[in-house]
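> Output the structure for:
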Amino acid sequence: MGTLLIAGFCVLVNSIFGFSELGLSKVALEKGEWFRILSFMFVHQNIEHLVINLASLILAGAVANEIGLQNATFLVIFFLVGISSAFLVLPFTSSVLVGASTGIYGIFGAITVKLGDYMSAPKVFSLFALAIAGSSLIENFWFQSSEMVLRLSAHLVALSFGAGFLVAIRRHRRWNRHVVYAAPKLVTKILK
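Below you'll find the predicted structure:
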């Protein structure tokens, strides 16, 4: 369900707005355009970028559903990891950040940890390494070298954050309930 909501919203936003209007950048934040903290995840550079992100999102959602990752956890990881990963990369670039990929990589990181319920640790580690290698190859193939380092960094940070976030949730069950129910209130307080 969460996958379809995000995918539908990405298609809707991209049909109305351009990435320069909703993308995240230091300049936009300095102008007080705080809505971009969330909006950048729904707008993409071009149709190819949108299609790649939608295909990845649908794959991540299908796998997450199959292995029992709850919708609320899926959405919290998608948004918190996506936004926090972008903020770690933002100080190092003057580019405009766009796309749902940081949230998607966060989901893939969480999926990798969740797969530990079904297979041995070496196999899970191998999957994590394969995800990193695959990301590197895709980034190297599709994007220019200057953009590649930025994108790869953001994606690897998101993959690691997603894995770490799910580990933290598992270790602190009460925190899980708190994050799922308190995260919207916290974001509202931060944006005020």
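
> quick one: buried residues of stretch 18-27?
19, 22-25 (16 or more other CB atoms under 10 Å). (Glycine included, C-beta is placed from N, CA and C.)

> and that stretch, what's its mean pLDDT?
For stretch 18-27, mean pLDDT is 87.

> Just give me the neighbour total for residue 127.
16 (other CB atoms under 10 Å).

> residues in contact with it?
Contacts for residue 127 (CB atoms under 8 Å, 6 or more residues apart in numbering) come out as 112, 115.

> what about the residue nearest the centre of the chain, distance to residue 129?
Closest residue to the average C-alpha location of the chain: residue 103 at 1.0 Å, with CA atoms, centre = their mean. Per CB to CB, to the nearest Å, residue 103 is found 21 Å from residue 129.

> How about residue 73?
Residue 73 sits at a distance of 24 Å from residue 129 (criterion: CB to CB).

> show me where pLDDT drops low in this protein?
Scanning the chain for pLDDT under 70 picks out 132, 134-150, 172-192.

> again, only this time at 50
191 (pLDDT under 50).

> How far does the longest helix belonging to the chain sit from its chain's centre?
Ranked by residue count, the top helix of the chain under DSSP state H comes out as helix 145-171. Relative to its chain's centre, helix 145-171 lies at 8 Å (CA atoms, centre = their mean, to the nearest Å).

> May I see the buried residues of that helix?
Within helix 145-171, the residues scored as buried using 16+ other CB under 10 Å are 148, 150-163, 165-166, 169.

> residue contacts, residue 19?
So, once contact is read as CB under 8 Å, 6+ apart, residue 19 ends up touching 43-45, 96, 98.

> Could you list which of the buried residues of stretch 18-27 belong to strands?
Among those, no member falls in strands (DSSP state E).

> Show me which of these is closest to residue 79.
Residue 79 lies nearest to residue 24 out of the buried residues of stretch 18-27, by CB to CB, at 13.4 Å.
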